[in-house]
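Engineer: need a 3D model of the sequence below.
(chains A and B)
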Amino acid sequence: MDEQNWYQSAPFQLAASTFRLAAPLVFAAMGGLLSERAGVINIALEGFMLMGAFAAAVGANHFADPWMGALIAGGVGAAFASIYAVFVIQYRANQIVAGTAMNFLAAGLTPFFCKILFDVSGSTPTLPIAVRFGSEPIWGAWILLALLAWLWRSTSVGLWIRFAGEHPQALDAAGIQVNRIRWASVAASGVLAGLAGATLSVCLSSSFSRSMTAGRGFMALAAVIFGKWRPVPTALACLLFGFLDAVQMRLQGVQIGGVGVPVQFIQILPYIATVIVLAGFIGKSRAPRSLGLPFEKV
Amino acid sequence: MIRSSRLWIALIAGLLLTTVAKADEFRVGVVLDRGGKDDKSFNAAAFKGGKEAEKALGITLKTVEASDDNSFEPMLRSLSQKKFDLIIAVGIAQADAVKKISAQFPQLKYALIDAQVDAPNVTSLLFEEHEGSYLVGAAAAMASKTGKLGFLGGVDIPLIRRFQMGYEAGAKKVNPKATVVANYVGVTTEAWNNPTKGRELSLSQYDAGVDVIFAAAGASGTGMFDAAEERSKGGVKKFAIGCDSNQNWIKPGLVLTSMLKRVDTAVFSTIDSAKKGQFVAGTKRFGLQNQGIDYAVDSFNDKLLTSEMRAKLDLLKKEIIAGKIKVPDYYSKRSKTAQN
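Structural biologist: A predicted model of the protein is given here:
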């Protein structure tokens, strides 16, 4: 600590920490957004993420290249999401039930495959620093946001996705296959959630470990609702969650007036803040009208 | 509905635990805590002890891992129904389940690690974590250039507070001006498995000037090793101290030492005495004096831990064993406050 560089200053560290913690949330939330705007509830994000985290660690480990890990994570995420799509789009299963099942499936499949591949069920081998991402996923999350915002506003695909969730009959009448759009959106959400998982296992830590998503899929979903199902506000919500978490970490162990603040109290601060923000500032948040309703041609 | 789901659970548990029993074999069942056998730390040590016993004593070993806190009881019950000769429950979270199951199967023998159950067929294996934490705290204070030390706890429970308290006391013994920043990953059992957050907390400590961190955080502790690696650049070295198992190998050159909690030897010796028919119910304590707790020196940290440091640590160790140093114990502090 002889010399203090600007990047060692507390505000910069806090900002860096915020962006690091927000990155996986942004990826997952963008995935959730795609699927939900197309009319498919996606509480399976957590499971998609977990599969992605595992696939990324395996891919990066095998090819000694983080990009291959990310590629495989996206692919596995898409494949896993397609299973979900079969159930909820093809067979019109209850989306909450099927989504929960996917989460359980991912929690069980990942240690199972880990055992087969590496003969340990807990975690994949540690990736050396050269085989991990530096800050690429952290920038990537915001590039993705820009892409998605553009897709939303300026392309017909964006319009179709929104109509699939709002008024699928109208989309159908316009000659577009609603279920095809929904299917693609769910698969894309799998790709993005897979990348969120890759961010966790190949960037923010050095291996896959069991249940490492630790509820981040659900936080991403909360961000989608908080962001009123729109890309930019959703990403900002992720950033807020990341910020609160970063602040929470730095407040731990801080003494106020000579008295240590209990860690439990500090750790509930993000949740209190979320409740306050949700209740006070968000205004009316309206879900896509046909969210959760399977589409049937009449 | 309830009937059928119970049936399913029984059926699945039965499938998982089916073993062909031979008449003369000594069967040992081990139920691991949530970190799992590959947490490189606490459960890994228990698993290692079981494996060594399997090899050296010729027992039949069955290990199962709990996927959530509610699965301890069915797992213990399933092993009990199969009449395993010794059932070992690893981890403080299983205390209630062991209490219940051991009462239902009074003819069977149980061992419980890290918690105490007073029953005629249970042996409780307790470790004096604060003693070892004291030693690594002293080591940390000697190695630190900034006088700022970090502590990374997994779940905020009294057991981990006990590590923290010992660590702080040891650091202050060597350097009274040393400060310890303590962070906890969380308050639920998820916090044993969150390396991302472990890393983030470690980064925030290192960035605040901390140069040695001691993690008692299960699998979340791996995040600390990554953080140490990332922040050790350009001649600056940030150190990490491992826990439970010897973790010196994880990042050679950056792991100052590891606090050893010899769960492996405890498991091994318990199996050994049970096999010889010398199972004794009650509480068995493992501390510095019987090498149940220690600090790790091996080829990976040989150069980091200088001979002066080791001499000092061994002196402290002797004084603790002789009772000259009283290491503050979070457990006794708690029971005192409870009495008041």
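Engineer: give me the nearest residue to the residue of chain B found nearest chain A, chain neighbours excluded.
Structural biologist: In chain B, the residue that lies nearest chain A is B:Asp38 (2.7 Å; Cβ to the nearest Cβ). Bear in mind the C-beta positions are built from the backbone N, C-alpha and C, glycine included. In this structure, B:Asp38 finds its nearest non-sequential neighbour in A:Gly122, 2.7 Å apart by Cβ to Cβ, 6 or more residues apart in numbering or on different chains.
Engineer: what does the stretch 1-150 of chain B have sitting close to chain A?
Structural biologist: For the stretch 1-150 of chain B, the residues in contact with chain A (Cβ under 8 Å from any Cβ of the partner chain) are B:Gly35, B:Gly36, B:Lys37, B:Asp38, B:Asp39, B:Lys40, B:Glu65, B:Ser67, B:Thr146.
Engineer: now, which of the residues you listed lie within helices?
Structural biologist: Among the residues of the stretch 1-150 of chain B next to chain A, none falls in helices (DSSP state H).
Engineer: so where do the strands sit in the stretch 151-298 of chain A?
Structural biologist: Taking DSSP state E, counting those that start in this stretch, the strands of the stretch 151-298 of chain A run over residues A:255-256, A:259-260.
Engineer: with the stretch 1-150 of chain B instead?
Structural biologist: Using DSSP E, counting those that start in this stretch, strands in the stretch 1-150 of chain B cover B:27-32, B:60-65, B:86-90, B:110-113, B:122-127, B:148-155.
Engineer: deepest in the core, which of the ones you listed is it.
Structural biologist: strand B:86-90 (a mean of 29; mean count of other Cβ atoms under 10 Å in any protein chain shown).
Engineer: what parts of the stretch 151-298 of chain A come near chain B?
Structural biologist: Residues of the stretch 151-298 of chain A lying near chain B (Cβ under 8 Å from any Cβ): A:200, A:204-207, A:209-212, A:214-215, A:246, A:249-250, A:252-253, A:263-264, A:267.
Engineer: show me just the buried residues among those.
Structural biologist: Among these, the ones that count as buried by 16 or more other Cβ atoms under 10 Å in any protein chain shown are A:200, A:204-207, A:209-212, A:214, A:246, A:249-250, A:252-253, A:263, A:267.
Engineer: list the contacts for the closest residue to A:Leu45 other than its chain neighbours?
Structural biologist: Excluding its sequence neighbours, the residue lying closest to A:Leu45 (Cβ to Cβ, 6+ apart) is A:Gly217, at 3.7 Å. The contact partners of A:Gly217, taken as Cβ atoms under 8 Å, 6 or more residues apart in numbering or on different chains, are A:Ala28, A:Ile43, A:Ala44, A:Leu45, A:Glu46, A:Gly47, A:Phe48, A:Met49, A:Leu50, A:Asn103, A:Ala193, A:Ala196.
Engineer: now B:Ala53
Structural biologist: B:Val28, B:Ile59, B:Leu61, B:Val267, B:Phe268, B:Ile271, B:Asp272.
Engineer: what residue in the stretch 101-250 of chain A comes nearest to chain B?
Structural biologist: For the stretch 101-250 of chain A, Cβ to the nearest Cβ, closest residue to chain B: A:Gly122, 2.7 Å.
Engineer: what's the burial count for that residue?
Structural biologist: When neighbours are counted by other Cβ atoms under 10 Å in any protein chain shown, A:Gly122 registers 24.
Engineer: return the distance of A:Gln252 relative to A:Ala79.
Structural biologist: Applying Cβ to Cβ, to the nearest Å, the value for A:Gln252 to A:Ala79 is 39 Å.
Engineer: report how many residues lie close to B:Ser67.
Structural biologist: 16.
Engineer: next, it: phi, psi?
Structural biologist: phi -90, psi -20 (degrees, to the nearest 10).
Engineer: got any ranges where the stretch 51-200 of chain A has weak pLDDT?
Structural biologist: Scanning the stretch 51-200 of chain A for pLDDT under 70 picks out nothing.
Engineer: now do the helices in it.
Structural biologist: Using DSSP state H, counting those that start in this stretch, the helices of the stretch 51-200 of chain A run over A:66-85, A:95-118, A:136-154, A:156-166, A:168-173, A:178-198.
Engineer: relative to B:Val90, which of these is closest?
Structural biologist: Among these, the nearest to B:Val90 by Cβ to Cβ is helix A:95-118 (17.5 Å).
Engineer: please save the CA atoms from the closest one in CSV.
Structural biologist: The C-alpha atoms that make up helix A:95-118 are tabulated as CSV, following Å, rounded to 0.1, in the frame of the first residue of the first chain:
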residue,chain,number,x,y,z
GLN,A,95,-44.8,-23.3,-17.1
ILE,A,96,-44.2,-22.8,-13.4
VAL,A,97,-44.2,-26.6,-12.8
ALA,A,98,-42.1,-27.4,-15.8
GLY,A,99,-39.6,-24.6,-15.0
THR,A,100,-39.2,-25.8,-11.5
ALA,A,101,-38.6,-29.3,-12.8
MET,A,102,-35.9,-28.0,-15.2
ASN,A,103,-34.2,-26.3,-12.2
PHE,A,104,-34.2,-29.6,-10.3
LEU,A,105,-33.0,-31.5,-13.4
ALA,A,106,-30.0,-29.1,-13.8
ALA,A,107,-29.1,-29.3,-10.1
GLY,A,108,-29.0,-33.1,-10.5
LEU,A,109,-27.5,-33.5,-14.0
THR,A,110,-24.5,-31.3,-13.4
PRO,A,111,-22.9,-33.3,-10.6
PHE,A,112,-23.9,-36.5,-12.4
PHE,A,113,-22.0,-35.5,-15.6
CYS,A,114,-19.2,-34.0,-13.5
LYS,A,115,-18.8,-37.4,-11.9
ILE,A,116,-18.7,-39.2,-15.3
LEU,A,117,-16.2,-36.7,-16.8
PHE,A,118,-13.9,-36.0,-13.9
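Engineer: which other helices and strands contact it?
Structural biologist: helix A:45-63, helix A:66-85 (3 or more Cβ pairs under 8 Å, 6 or more residues apart in numbering or on different chains; DSSP states H and E).
Engineer: list the buried residues for the shortest one?
Structural biologist: I take that to be helix A:45-63. Per 16+ other Cβ under 10 Å, helix A:45-63 contains these buried residues: A:45-61.
Engineer: wait, what's in contact with the residue nearest the centre of chain B?
Structural biologist: Nearest residue to the geometric centre of chain B (Cα atoms, centre = their mean): B:Phe42, 3.8 Å. Going by Cβ under 8 Å, 6+ apart, B:Phe42 touches B:Asp33, B:Gly35, B:Val90, B:Gly91, B:Gly218, B:Cys243, B:Asp244, B:Ser245, B:Lys261, B:Val263.
Engineer: and those residues, which is the shakiest by pLDDT?
Structural biologist: Within the contacts of B:Phe42, pLDDT reaches its minimum at B:Gly35, with 75.
Engineer: got a list of what that one touches?
Structural biologist: A:Gly122, B:Ser41, B:Phe42, B:Asn43, B:Trp192, B:Asn193, B:Gly218, B:Ala219.
Engineer: let's see which of the residues you listed end up in helices.
Structural biologist: Among the contacts of B:Gly35, DSSP H puts B:Phe42, B:Asn43 in helices.
Engineer: who wins on neighbours among the contacts of B:Gly35?
Structural biologist: B:Gly218 (32 neighbours).
Engineer: circling back to that earlier point, burial of the residue of chain B closest to chain A, as a residue count?
Structural biologist: B:Asp38: 24 neighbours (other Cβ under 10 Å).
Engineer: and the pLDDT at it?
Structural biologist: pLDDT for B:Asp38: 79.
Engineer: what does A:Val259 give?
Structural biologist: 65.
Engineer: for B:Arg27, see how far away B:Gln164 is.
Structural biologist: Separation of B:Gln164 from B:Arg27 (Cβ to Cβ): 38 Å.
Engineer: for B:Lys275, same thing?
Structural biologist: On the measure of Cβ to Cβ, B:Lys275 and B:Arg27 end up 10 Å apart.
Engineer: okay, and the residue nearest the centre of chain A sits in which element?
Structural biologist: Note on chain A: the residue nearest the mean C-alpha position is A:Ala28, at 1.6 Å, using Cα atoms, centre = their mean. Using DSSP states H and E, A:Ala28 falls within helix A:10-37.
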